[in-house]
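*Asks:* Pasting the sequence and the predicted model now:
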Protein chains: 6
Amino acid sequence: MTTPREDGRADDELRPITITRGWLDHAAGSVLVEFGKTKVLCVASASEGVPRWRKGSGLGWVTAEYAMLPGSTHTRSDRESVKGRIGGRTHEISRLIGRSLRAVIDYEAMGENTIQLDCDVLQADGGTRTAAITGAYVALADACASLDRMQTLTGSVAAVSVGIIDGLPRLDLPYVEDVRAETDMNVVMTGTGSFVEVQGTAEGAAFSRSELDALLGLAEKGCADLTRLQQEALAR
Amino acid sequence: MTTPREDGRADDELRPITITRGWLDHAAGSVLVEFGKTKVLCVASASEGVPRWRKGSGLGWVTAEYAMLPGSTHTRSDRESVKGRIGGRTHEISRLIGRSLRAVIDYEAMGENTIQLDCDVLQADGGTRTAAITGAYVALADACASLDRMQTLTGSVAAVSVGIIDGLPRLDLPYVEDVRAETDMNVVMTGTGSFVEVQGTAEGAAFSRSELDALLGLAEKGCADLTRLQQEALAR
Amino acid sequence: MTTPREDGRADDELRPITITRGWLDHAAGSVLVEFGKTKVLCVASASEGVPRWRKGSGLGWVTAEYAMLPGSTHTRSDRESVKGRIGGRTHEISRLIGRSLRAVIDYEAMGENTIQLDCDVLQADGGTRTAAITGAYVALADACASLDRMQTLTGSVAAVSVGIIDGLPRLDLPYVEDVRAETDMNVVMTGTGSFVEVQGTAEGAAFSRSELDALLGLAEKGCADLTRLQQEALAR
Amino acid sequence: MTTPREDGRADDELRPITITRGWLDHAAGSVLVEFGKTKVLCVASASEGVPRWRKGSGLGWVTAEYAMLPGSTHTRSDRESVKGRIGGRTHEISRLIGRSLRAVIDYEAMGENTIQLDCDVLQADGGTRTAAITGAYVALADACASLDRMQTLTGSVAAVSVGIIDGLPRLDLPYVEDVRAETDMNVVMTGTGSFVEVQGTAEGAAFSRSELDALLGLAEKGCADLTRLQQEALAR
Amino acid sequence: MTTPREDGRADDELRPITITRGWLDHAAGSVLVEFGKTKVLCVASASEGVPRWRKGSGLGWVTAEYAMLPGSTHTRSDRESVKGRIGGRTHEISRLIGRSLRAVIDYEAMGENTIQLDCDVLQADGGTRTAAITGAYVALADACASLDRMQTLTGSVAAVSVGIIDGLPRLDLPYVEDVRAETDMNVVMTGTGSFVEVQGTAEGAAFSRSELDALLGLAEKGCADLTRLQQEALAR
Amino acid sequence: MTTPREDGRADDELRPITITRGWLDHAAGSVLVEFGKTKVLCVASASEGVPRWRKGSGLGWVTAEYAMLPGSTHTRSDRESVKGRIGGRTHEISRLIGRSLRAVIDYEAMGENTIQLDCDVLQADGGTRTAAITGAYVALADACASLDRMQTLTGSVAAVSVGIIDGLPRLDLPYVEDVRAETDMNVVMTGTGSFVEVQGTAEGAAFSRSELDALLGLAEKGCADLTRLQQEALAR
């Protein structure tokens, strides 16, 4: 017999998800996305022109930066601007978000424009990178609309974490489960069910092929649910 | 006859002010403060112990950091963590906030505890530093309460900007007035009407003693209004 | 009908692998590992004591740093020490190598000792991170032996890249295939066939679940081959 | 009855002021300014052209940098170049000096030329920023003359510190008074008696409006004296 | 009577020297040079064009960077890219190598091309900078040949260390002698016996003119031997 | 027949040398040293205690930092604190000054005290590093006296530049000769005529052994003259 989840969810159930568009007044797209207590502000800034190495190509560019506010974690974390360097984890997640969004971009349809996504974690309770990707997609869609270039998007992306806790595969881990996970996986998928990124890590014991398969199944379910919620938010 | 303000306010009137306490779940104090469209998240993190140079003194410590999210400005601004250095303006404002709050601290009553204030601008529309001070005081009060050391506070502080636009002294400048101001002044005052900081700068022409006196008068009025709003927020 | 590989290998065949132990005179473990033209020098330095946060725990520590020499790439790349910051990719790979090795460490058996792995790419021709992990494990084993603490190792790890090129899943990609890959995956496995890390990225189109399954199968084959080569090297 | 000042001055009296022009051989303007034991070397370097963002505007540019030599303070202070970052205080003062000088510049009359002021504190005994501004103005005037563009200057600026010590407002504080000041204010004024900057800080207790008024009066007196000394130096 | 050298060499005898050309596959020139146990990988990268300040001059450019791998020393040394700054010693040696090579370059014959030398110490056992210069010259010659511009070289350079140990002048010091040397000198010479650099340092007692003369004599002998070995390597 | 020197000096003649002790009020030793137009402020700060790695040894420590003020050069040079890194040349000279002074220190006689020398170039006209060493020795002597530990000094050091201009060996090069020198050498010697450092560089053609000998002879003469001037300054 197994322990139920602390928050009462089924193993394949997402936390309550909120996607609030237009959270700021100026930006081309701005979304406050919440996965339970995790809150990430995703802001898309559109600008004409592209980085120097891409000039004259007729192609656009999309890039992303992720950061955590110092007060977002249970124990305050130092500000990277004060430390004078960006940590490995921050770099890694910024790169992941950028790659994930670029998977659904038609650079030619975009024209020589740049969209910069800033994903700032206001409160962290597990799954900040997957919330960031899921919310950033919606902010990106709003920015494409503001440029009157919706055909830039060839599809949608969403992301979710999965993990094995006490031997059981579970969907969308809050912090309290994340720290106890034996295996932790982040999966980014398109709205049509293809994989964009799979990043699985054995935190404790290495995992078997069949455990891997179970996790991939859960992620497919979670990403499908998130895709539906993104569509509903964009329809509002 | 003079031009009225774009937003219809009287020259000595504040913008709509909102002070939302408990905006996050974890932090000792967390306040979302809004001066019109300016939104600043002020988070107070309390921790036992003090910096090394203060150990064994029996005294506490309060410090502050200010930053702007890249998407908070009309045109996206680069992230200081990415640039690898903190700009002069950021340093200057962080130091101002810290000094302002320390003016109402009784370090002995505080005991060897540290409270760190993080003021992150989510949306900037003028007056971010004065909103930060005004909100940070409320977050600080909540943090002192969470430490069960309310006697740490010897008073309250609030801050407001004033300036001369088209020859007229005005209170609480939004961005559109701020860029046109001939003189710009930030004033920090205690709840009992004493001055903690006065920082006035001639942006265009130098200003006369009588203009300076008029600005100080407006600031006294604005800080008194803000003090009342802080008290109401803390009473809720 | 499909294009054969430029170097004539079968799709599930590794490049020629060389693992040379004791390449340097001083270090506790030093291995020159070659995957075809990719050459990585893996040096394990053992020292007594552990980082401050781990002192008194009775547990050891293993960490890793990855870097590329400027002349290792086809076009010279700038030195990170000269740029004054470590790039995101370097951080990411250093963290991956460290995590992979720590999956087979018994910290208690290790005692309060630290082993630092340095993986410096002397020549890069694709698969540098997987070569680094595969070689670093051998250097680590030599370092454990030099500490007379072979029981520190609870197993072995090896890593290989797989990818989809022209629609075909292939094992151990050289640079010329890597740049053309639609999907690129790095897989780290234990000697007993469990997964430690799975990192798959759609470079072009997103990939389906069946493509993912085919890639995982190839990686299982490649890691098994590498495990055997590691054992042979350690037996010499 | 009140304590007299340690150095025997009246409360509204400046320390002995020396302004030595042409202290170096190469620079367009070079002034050693002394406020008592405080010695600041102010060097103005003129160059053709302006920063990129100002090119083609027909307008000039003036900027300033402030620094303290490590041996200038009673206890040696670390070199900022060695620490690899400029501290908040240094940034703040550099910005203040630049703003103060720019208040008397006619950019159009200046043409597309740049003047850079370097204010290096050789010995610090309180009031280094106000000495720097006062001396930098003289070096700037010499540099304008060397460019044969005296019409660049629309007026003069001088600066002085004032403060409340033991309840008494006093002018031009040396270090020994500065550290004991309850309130500390730096005031920058034009030669015609208008204010360019007012920066007052409560170090201990907050200050009342009437104390503020008294300090402003003292500063007006001190700046008028300094303006006269600048004119005498420039007439030599 | 004097102590013989630990490794049995005569006082004016070099360690076994190996110069292996073409150690890497991609680079214009790549040499693994060994002075006893000291191993330095010298890679020459040729590129069209020159730094901005030299554009349009018709002249080429040669520059060098030196670094030590962390595991190259007896006790692991921290990576400069991780520390975020290059140490004084590294800077000094990089500059020395560059100057030494530039002594035999005809920039006009070179045309507007740049050759960058990277000298990475794989194992350090004394004399790393002199081995680097000696090997870098050979890599440079190969790079000039690859550019089909052998006339770029107006001569050859080699370098060797000399020192006084227990009162005796000795040639080519390994680490064990280097740490005990009272005086330590690095000498760079052309193939025709002229001096390019002389850098002598009293580590213990200051040295007399006659000791200096004896050291210069030993260095002349050693550089002549190295010149011959370079010629043999280039003839292969 | 040869061109006489622009300033009319004989080839073996120093520029006018001024050594002013006690130039600042606070520091243990402070010397303004002038070699012609070259002005360097040398400040010695004494403090109790030594760096961590030397604690409990009973031995003292001496270290030095060199820097140029931005306005010291003919064309303003950027501030290293603003660039955020210290250049190779600065590092190199700081290390040279430190090593030179440490050649005449008896660490045991010094006790566990530290003397830090700061050599800041106020005006540069060639020979700044040799002026710095010559002046720093005098400041160091004053600092030893202030610690009442004159026996710390086992001798004196002075330094001078020599070079070959138009084929002629010359002593103490000003900037105008320095830039034209074919060979440039800095020599540091003790007061008793032994060598502490010899650093010779071929700027143009490599130099012969006989040219080297001539330069060493000139340096011996120049250092003897400087030693006498140091003694006279210390006797005042």
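*Replies:* Cool, the structure landed. Since the structure is predicted, the reported quantities are computational estimates derived from the model, not experimental observations. Numbers count the residues shown, from 1 in each chain, chains lettered A, B, ... in the order given.

*Asks:* Every contact and neighbour count from this point should use C-alpha atoms.
*Replies:* Noted.

*Asks:* What's the separation between A:Val160 and chain D?
*Replies:* Shown here: A:Val160 relative to chain D, a distance of 40 Å by C-alpha to the nearest C-alpha, to the nearest Å.

*Asks:* tell me the SS of that residue?
*Replies:* With DSSP: H, G, I helix; E, B strand; the rest coil as the basis, A:Val160 sits in strand.

*Asks:* List the beta-bridge partners for it.
*Replies:* Going by DSSP bridges, A:Val160 is paired in beta bridges with A:Val187.

*Asks:* Which secondary structure element is home to the most centrally placed residue in chain A?
*Replies:* Closest to where the C-alpha atoms of chain A average out (C-alpha atoms, centre = their mean) is A:Ile133, at 2.0 Å. Taking DSSP states H and E as the definition, A:Ile133 sits inside helix A:128-146.

*Asks:* Against which helices or strands is that helix packed?
*Replies:* strand A:17-21, strand A:29-35, strand A:38-48, helix A:88-102, strand A:113-123, strand A:157-165, helix A:209-235 (3 or more C-alpha pairs under 8 Å, 6 or more residues apart in numbering or on different chains; DSSP states H and E).

*Asks:* quick one: the last one near chain C?
*Replies:* Okay, so that is helix A:209-235. Yes - residues of helix A:209-235 contacting chain C under C-alpha under 8 Å from any C-alpha of the partner chain: A:Arg209.

*Asks:* Name the residue of chain A that lies nearest to chain E.
*Replies:* A:Arg85 (9.1 Å; C-alpha to the nearest C-alpha).

*Asks:* what residues are up against the residue nearest to that residue when sequence neighbours are not counted?
*Replies:* In space, and not counting its chain neighbours, A:Arg85 is closest to B:Gly84: 5.6 Å by C-alpha to C-alpha, 6 or more residues apart in numbering or on different chains. Applying C-alpha atoms under 8 Å, 6 or more residues apart in numbering or on different chains, we find B:Gly84 in contact with A:Ser81, A:Gly84, A:Arg85, A:Ile86.

*Asks:* Give me the helix or strand of chain A that scores worst on average pLDDT.
*Replies:* The weakest-scoring helix or strand in chain A, judged by mean pLDDT, DSSP states H and E, is helix A:80-83 (a mean of 86).

*Asks:* ok, and what's touching it?
*Replies:* A:Ile86, A:Gly87, B:Glu80, B:Ser81, B:Val82, B:Gly84, B:Arg85, B:Ile86.

*Asks:* Give the helix, strand or coil label for the first one.
*Replies:* Under the three-state scheme (three-state DSSP), A:Ile86 adopts coil.

*Asks:* Without its sequence neighbours, what residue ends up closest to it?
*Replies:* The nearest residue in space to A:Ile86 (C-alpha to C-alpha, 6+ apart) is A:Glu80, at 5.5 Å.

*Asks:* for the second one, same thing?
*Replies:* Once flanking residues are discounted, A:Gly87 sits nearest to A:Glu80: 7.3 Å by C-alpha to C-alpha, 6+ apart.

*Asks:* what's the neighbour count on that neighbour?
*Replies:* As a burial measure, A:Glu80 scores 21 neighbours (other C-alpha atoms under 10 Å in any protein chain shown).

*Asks:* got it, and A:Thr73?
*Replies:* With other C-alpha under 10 Å as criterion, A:Thr73 counts 18.

*Asks:* what are the phi and psi values for it?
*Replies:* phi -100, psi 160 (degrees, to the nearest 10).
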